[in-house]
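Visitor: What would the 3D arrangement of this be:
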Amino acid sequence: MSRTFNVLWKKSENNGKAQWERVGVMIEKDDGKRSMKIDMVPAGEWDGWLVVSENKPKANQT
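Guide: Purely as a prediction, here's the structure:
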């Protein structure tokens, strides 16, 4: 089964807490191959780094 990841950038920081915005997704297939779909390119104070975070279902979703 494929795994899905969010691709994020740190948009800002507020009171020491990072504010993240999703810019796309990455999918990892069973054979280990990865594909990435970028929906937008960050602008402004972007330092060029993106973070890949596993997309986990919310607690209230079944």
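Visitor: Tell me where the protein has strands.
Guide: Taking DSSP state E to define them, one finds strands in the chain at 3-14, 17-28, 34-38, 51-54.
Visitor: Burial check on residue 50, number of neighbours?
Guide: Neighbours of residue 50 under the rule other Cβ atoms under 10 Å: 16. Glycine gets a C-beta too; all of them are placed from N, C-alpha and C.
Visitor: now swap in residue 9 and tell me
Guide: 19.
Visitor: quick one, what contacts it?
Guide: If a contact means Cβ atoms under 8 Å, 6 or more residues apart in numbering, then residue 9 has 20-21, 23, 42, 46, 49-51 as its contacts.
Visitor: which non-adjacent residue is nearest it?
Guide: Counting by Cβ to Cβ, 6 or more residues apart in numbering, the nearest residue to residue 9 once its immediate chain neighbours are dropped is residue 42, at 4.5 Å.
Visitor: so the one you found touches residue 10, yeah?
Guide: No: Residue 42 is beyond contact range of residue 10, at 9.0 Å (criterion: Cβ atoms under 8 Å).
Visitor: Where does the prediction get shaky in the chain?
Guide: Residues of the chain that meet the criterion pLDDT under 70 lie in 60-62.
Visitor: Can you name the residues bridging to residue 54?
Guide: For residue 54, the beta-bridge partners under DSSP bridges are residue 5.
Visitor: Can you get me a residue count around it?
Guide: When neighbours are counted by other Cβ under 10 Å, residue 54 registers 10.
Visitor: Thought residue 8 was touching it, still the case?
Guide: No: taking Cβ under 8 Å as the definition, residue 54 is not a contact partner of residue 8, at 11.4 Å.
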